[in-house]
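In: Okay, here's the prediction I keep looking at, along with the sequence it came from:
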Amino acid sequence: MSDGTRPHGRQLRLGALAAALTATLALLCCTGGAGAFFLTELGGESTDMAPVSMNCKEDYRVDVRGKIPRMSGYGQVQLRNAARIIKVGQEMKVPPRGWVIAVATAMQESRLRNLANRTVGESEDLPNEGVGADHDSVGLFQQRAGWGTVAQRMTPEYASRKFYEKLVKVPGWETMPLTRAAQAVQISAFPDAYAKHEDVAGQIVNALAGGAARIALIDGRKACDRAAGGQIAASGWTAPIPGGVGSGFRTASRPRHNGVDIAAPKGTDIRVAATGRVLISQCDPDRSGRHTCNVDGWPNKGGCGWFVDVLHAGGFITRYCHMVSKPRVKVGQLVEAGTVIGEVGSSGNSSGPHLHFEVHEDGDRSSRGAIDPVPFMRSRGAPLKGAG
């Protein structure tokens with residue numbers, strides 16, 4: 001909902017950040033898995049898109065009347081509403097990041113359904129896709145009376161245009177966390193609720209708009225798959241460092257290597273790949289416990305050295321190992337995409353300076369949750385340099 005001044009509370013709060021950590025952490029990093037970890041969910045939706053072309057097309061125009069891809073959890077009517085939101089953004093020349101923010105906001109407010117409200121008599125006779133129960137809020141964005149007449153607010157194109165008009169007036173909206181940008185428009189009673197929809201919103205925008213969530217703005221110009229050096233793709237992701245991938249994910253010679261090694265000089269800034277909450281920020285010593293993380297590594301003895309784990313929307317976790325010194329972030333801290341969290345080093349199980357980078361899904365920090373970072377980062381418009 002939103003009237004710009006009076007919040008009210010239909011939205012669900014996000015799950016709390018990690019409630020408890022295991023007493024011991026037995027990371028093997030560049031030789032294997034991770035210790036168990038318990039956390040309550042940060043928030044997110046699990047969904048599967050039907051296969052679609054992911055070739056990023058900077059000038060692709062969404063077709064609201066054309067074929068709509070299938071997506072578990074969202075029907076054709078809902079996804080067509082998302083297409084209408086995107087189309088308005090395109091017509092207004094709002095950058096693709098704005099489309100992701102708008103779709104995620106409508107996912108939280110109405111699950112992408114054009115809702116009427118029985119407390120507003122005028123809306124009873126208007127075509128709708130369900131009935132809300134939240135004061136006088138109606139439409140995809142649950143906008144209240146200050147946004148226009150009931151008929152206007154229940155017209156997806158009008159509602160989307162009003163959302164974008166306010167969004168683009170928010171200073172720095174393109175680089176701030178999605179939930180802050182959405183909250184600046186909506187003035188919700190539960191401002192953190194929008195964050196959990198970011199990943200799926202990016203998938204929807206990719207599917208409906210030719211991979212547009214993979215577009216980054218570089219010096220004011222659009223570029224596909226160029227999210228690096230602190231630049232953020234419309235999906236909200238960026239590459240952690242500019243180096244090229246060396247040792248890959250679970251190769252024949254290293255089947256327990258649950259991430260990729262990215263070569264870079266010692267002291268290179270490591271940027272968090274997406275906005276999230278810090279779960280771990282500490283030293284992971286070798287198995288014997290004899291070595292500290294304040295020296296260069298001890299190959300084949302285990303340990304991630306100085307490292308950070310961050311929980312992101314959709315239940316994804318990223319891991320950054322072998323930092324040269326104590327990380328710059330603390331457990332529980334919210335970090336924005338592109339924030340420098342440490343520097344490349346060679347602490348832990350390392351034979352030379354590099355970043356060991358992992359991606360885990362389903363909130364699972366163990367080896368069971370690890371997935372190949374190369375295709376994952378490419379799908380977010382932030383491919384790892386040198387990765388095919």
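Out: It's in. Computed from a prediction, not measured in an experiment: that's the story for all the values here.
In: can you map out the helices along this structure?
Out: Using DSSP state H, the helices of the chain run over 76-91, 96-110, 150-153, 156-167, 178-186, 198-208, 373-379.
In: For the third one, which residues meet the burial criterion?
Out: Within helix 150-153, the residues that count as buried by 16 or more other C-beta atoms under 10 Å are 150, 152-153. Quick note: C-beta positions are derived from backbone N, CA and C, even for glycine.
In: which one of the helices of the chain has the lowest average pLDDT?
Out: Of all the helices of the chain, mean pLDDT reaches its minimum on helix 150-153 (a mean of 90).
In: Determine the set of other helices and strands touching that helix.
Out: Counting contacts by 3 or more C-beta pairs under 8 Å, 6 or more residues apart in numbering; DSSP states H and E, helix 150-153 is packed against helix 156-167.
In: Now do the helix it packs on against helix 178-186, angle only.
Out: 110 degrees (axes from the mean of the first three to the mean of the last three C-alpha atoms, to 10 degrees).
In: Please work out which residues outside helix 156-167 touch it.
Out: 4, 81, 84-85, 87-89, 92, 94, 98, 101-102, 105, 114, 139-141, 143, 147-148, 152-153, 173, 181, 184-185 (C-beta atoms under 8 Å, 6 or more residues apart in numbering).
In: Can you give me the buried ones in it?
Out: Result for helix 156-167 [16+ other C-beta under 10 Å]: buried residues 156, 158-164, 166-167.
In: pLDDT weak spots in the stretch 201-350 of the chain?
Out: For the stretch 201-350 of the chain, the stretches with pLDDT under 70 are 286-291, 301.
In: show me where the stretch 1-150 of the chain has strands.
Out: When assigned using DSSP state E, counting those that start in this stretch, the strands of the stretch 1-150 of the chain occupy the ranges 116-117, 131-132.
In: Comparing those strands by mean pLDDT, which bottoms out?
Out: The bottom spot among the strands of the stretch 1-150 of the chain, by mean pLDDT, belongs to strand 131-132, with a mean of 56.
In: Out of the buried residues of helix 150-153, which comes closest to Met71?
Out: Arg153 (25.6 Å; C-beta to C-beta).
In: from memory that closest one sits against Asn117, does it?
Out: No - at 9.9 Å, Arg153 does not count as touching Asn117 under the criterion of C-beta atoms under 8 Å.
In: intersection of neighbour lists for those two?
Out: Val138.
In: how does the protein divide into domains?
Out: 29-43+240-379, 76-209 (automatic domain parsing).
In: What is the burial count for Pro265?
Out: 11 (other C-beta atoms under 10 Å).
In: residues contacting it?
Out: 344, 353.
In: now swap in Asn294 and tell me
Out: 325, 347.
In: Is it possible to get the helices of the chain out as JSON lines so that each row also shows distance to Val335?
Out: Formatted as JSON lines, these follow (distance: least, C-beta to C-beta, whole Å):
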{"stretch": "helix 76-91", "distance to Val335": "27"}
{"stretch": "helix 96-110", "distance to Val335": "18"}
{"stretch": "helix 150-153", "distance to Val335": "36"}
{"stretch": "helix 156-167", "distance to Val335": "23"}
{"stretch": "helix 178-186", "distance to Val335": "13"}
{"stretch": "helix 198-208", "distance to Val335": "14"}
{"stretch": "helix 373-379", "distance to Val335": "17"}
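In: Can you check which of those gets nearest to Ala228?
Out: Closest among these, once you apply C-beta to C-beta, is helix 373-379, at 10.3 Å.
In: If we go by neighbour counts, what in that closest one is buried?
Out: Buried residues in helix 373-379 (16+ other C-beta under 10 Å): 373-374, 376-379.
In: Now that helix - C-alpha only, PDB.
Out: Taking Å, rounded to 0.1, in the frame of the first residue of the first chain, the C-alpha atoms of helix 373-379 are listed here in PDB:
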ATOM      1  CA  PRO A 373      29.100 -19.400  -9.600                       C
ATOM      2  CA  VAL A 374      30.000 -19.100 -13.300                       C
ATOM      3  CA  PRO A 375      26.500 -19.600 -14.900                       C
ATOM      4  CA  PHE A 376      24.800 -18.100 -11.900                       C
ATOM      5  CA  MET A 377      26.700 -14.800 -12.100                       C
ATOM      6  CA  ARG A 378      26.300 -14.700 -15.900                       C
ATOM      7  CA  SER A 379      22.500 -15.100 -15.500                       C
END
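In: which secondary structure elements does it contact?
Out: For helix 373-379, where contacts count as 3+ C-beta pairs under 8 Å, 6+ apart, the packed elements are strand 354-360.
In: Quick one: mean pLDDT for the strand it packs on?
Out: On average, strand 354-360 scores 97.
In: Please consider this matter closed, and thank you.
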